[in-house]
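[1] sequence-free structure coming up:
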C-alpha cells in the first residue's frame, strides 16, 4: 500500500501573506490541525500548525493588555510563523516509510507531492484509520495472538487449518516475536468459536498470547 491510497486529497492551503488569526480561524472552522502554505505559483513553501500559532501568541504572563495582544497577533503573517523546511513524501512512497519519517522527525503530517506538485497530505490520523482496517477492528469475530515458529510455510499451514475449520480470516498481522526463532501473529477470524480456533491453531503455534 502506498501513500496515495490513504492520503487526504487536495488539502486546504493558504498563502504566506495571510494573517495568523485568519489561519487559526480556518483551522477551527474546518477542524484541522495544520495548513499547507503555497506561494502564488502554487509551490509548497511551508506548513503551519496549531502549535506554531500557540507558540507565536503572546504569553499569558505578558504585561500587554488584551487589545495590545490582539493587535500584535493580527499583524503576524503566516510566513513569519510557518515551518519553511518542510519534510515531504512522494505519493508512490509506501505507507510504512511515511510513518517512519513522521516518527523519526516527531511530526504529525507530511505534504504529499507528485512531480513536485502538491496532491495531498498524509497525517497520523490517516495512518490510524489504516491501522484500524489492517487489524479488522470493525469486523466481528475472534481475535487471537500467537507466537509461531519462524519457519518457511508456517503461516500457510496456520491459515489453511483455520479455513478448514470454517473460519473466515479478516486480518492477519505479523511482527517481531520474543526472539529470532519466532514471530508474533495476530489473526481476526469470524464464523468460528474460540475453542475451535484454539484447537485449529494449536499444532502450529508455540504459545497463545491472547484470545478474545
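    Ah, there it is. All of these numbers come straight from a predicted model, not from anything done at the bench.
[2] domain-wise, how is the protein divided?
    Using automatic domain parsing, the domain parsing of the chain gives 3-130, 135-211.
[3] want to throw the ones you listed into TSV with mean neighbour count and mean pLDDT?
    For glycine as for every other residue, the C-beta is placed from the backbone atoms N, C-alpha and C. As requested, those are exported to TSV (neighbours: other C-beta atoms under 10 Å; pLDDT from 0 to 100):
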stretch	mean neighbour count	mean pLDDT
domain 3-130	15	90
domain 135-211	16	95
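[4] so residue 189 touches residue 146, yeah?
    No: under the criterion of C-beta atoms under 8 Å, residue 189 makes no contact with residue 146, lying 11.9 Å away.
[5] OK, contacts around the residue nearest the centre of the chain?
    The residue lying closest to the centre of the chain (C-alpha atoms, centre = their mean) is residue 127, at 2.3 Å. Residue 127 sits next to 6, 95, 98, 99, 102 when contact means C-beta atoms under 8 Å, 6 or more residues apart in numbering.
[6] my read is that the second one contacts residue 1, right?
    Yes: with contact defined as C-beta under 8 Å, residue 95 counts as touching residue 1 (5.1 Å).
[7] who touches both of these two?
    Common neighbours of residue 95 and residue 1 (C-beta under 8 Å, 6+ apart) are residue 130.
[8] can you give me the strands for this structure?
    Secondary structure of the chain, counting by DSSP state E: strands at 8-9, 13-14, 34-38, 44-49, 89-90, 109-114, 117-123, 142-149, 168-176, 182-190, 207-211.
[9] could these go into JSON lines alongside distance to residue 55?
    Formatted as JSON lines, the strands of the chain follow (distance: least, C-beta to C-beta, whole Å):
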{"stretch": "strand 8-9", "distance to residue 55": "25"}
{"stretch": "strand 13-14", "distance to residue 55": "18"}
{"stretch": "strand 34-38", "distance to residue 55": "14"}
{"stretch": "strand 44-49", "distance to residue 55": "9"}
{"stretch": "strand 89-90", "distance to residue 55": "25"}
{"stretch": "strand 109-114", "distance to residue 55": "17"}
{"stretch": "strand 117-123", "distance to residue 55": "20"}
{"stretch": "strand 142-149", "distance to residue 55": "41"}
{"stretch": "strand 168-176", "distance to residue 55": "36"}
{"stretch": "strand 182-190", "distance to residue 55": "40"}
{"stretch": "strand 207-211", "distance to residue 55": "42"}
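[10] which one of these lies nearest to residue 159?
    Closest approach to residue 159 among the strands of the chain (C-beta to C-beta): strand 168-176, 6.3 Å.
[11] roughly how far is that closest one from the heart of the chain?
    Relative to its parent chain, strand 168-176 has a centroid offset of 19 Å by C-alpha atoms, centre = their mean, to the nearest Å.
[12] would you map the helices across the chain?
    Here the chain has its helices, by DSSP state H, at 20-30, 50-56, 66-74, 78-81, 95-105, 124-134, 154-164, 194-201.
[13] show residues contacting the fourth one.
    Taking C-beta under 8 Å, 6+ apart as the criterion, the residues outside helix 78-81 that touch it are 14-20, 23, 37, 45-46, 48, 52-53, 55-56.
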